[in-house]
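Engineer: requesting a structural model of the entry that follows:
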Amino acid sequence: MSIFDEQYRVVAIEGDRLFIRGVRSGDVLVIVNPEPETPLTPEDYPLGKLIALTDPSATPANGLN
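Structural biologist: Now for the predicted structure:
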């Protein structure tokens with residue numbers, strides 16, 4: 001199973017890091033914010049929020065479909 005096949009719940013935000021836990025696997029991932037000028041906030045990622053990751057290699061480079 002790929003990390004992109006899983007759904008995750010937000011478990012914490014610490015500075016520029018978002019901690020998420022896989023609903024099925026229980027695996028915890030740490031996502032580091034690549035844009036520090038746009039901080040991660042609890043309003044955007046409240047604890048318990050369900051999210052899915054998307055594979056950036058699966059989208060066209062120019063962002064068009």
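
Engineer: could you find the closest non-adjacent residue to the residue most central in space within the chain?
Structural biologist: With distances taken as Cα atoms, centre = their mean, Leu53 lies nearest the centre of the chain, 5.6 Å away. Nearest-residue entry for Leu53: Phe4, 5.4 Å, with adjacent residues in sequence omitted and distances by Cβ to Cβ, 6 or more residues apart in numbering. C-beta here means a position set from N, CA and C on the backbone, and glycine is covered the same way.

Engineer: phi and psi next, for the one you found.
Structural biologist: Phe4 adopts backbone torsions of phi -80, psi -10, taken as degrees, to the nearest 10.

Engineer: hang on, the earlier thing: now do the contacts for the residue nearest to the centre of the chain.
Structural biologist: Applying Cβ atoms under 8 Å, 6 or more residues apart in numbering to Leu53 gives the contacts 3-4, 6, 8.

Engineer: and the furthest pair within the residues you listed?
Structural biologist: Phe4 and Tyr8 (10.6 Å; Cβ to Cβ).

Engineer: more crowded one of these two?
Structural biologist: Using other Cβ atoms under 10 Å as the criterion, Phe4 and Tyr8 rank with Tyr8 on top: 23 against 12.

Engineer: okay, and the beta partners of that one?
Structural biologist: Tyr8 has these beta-bridge partners by DSSP bridges: Gly22, Ile51.
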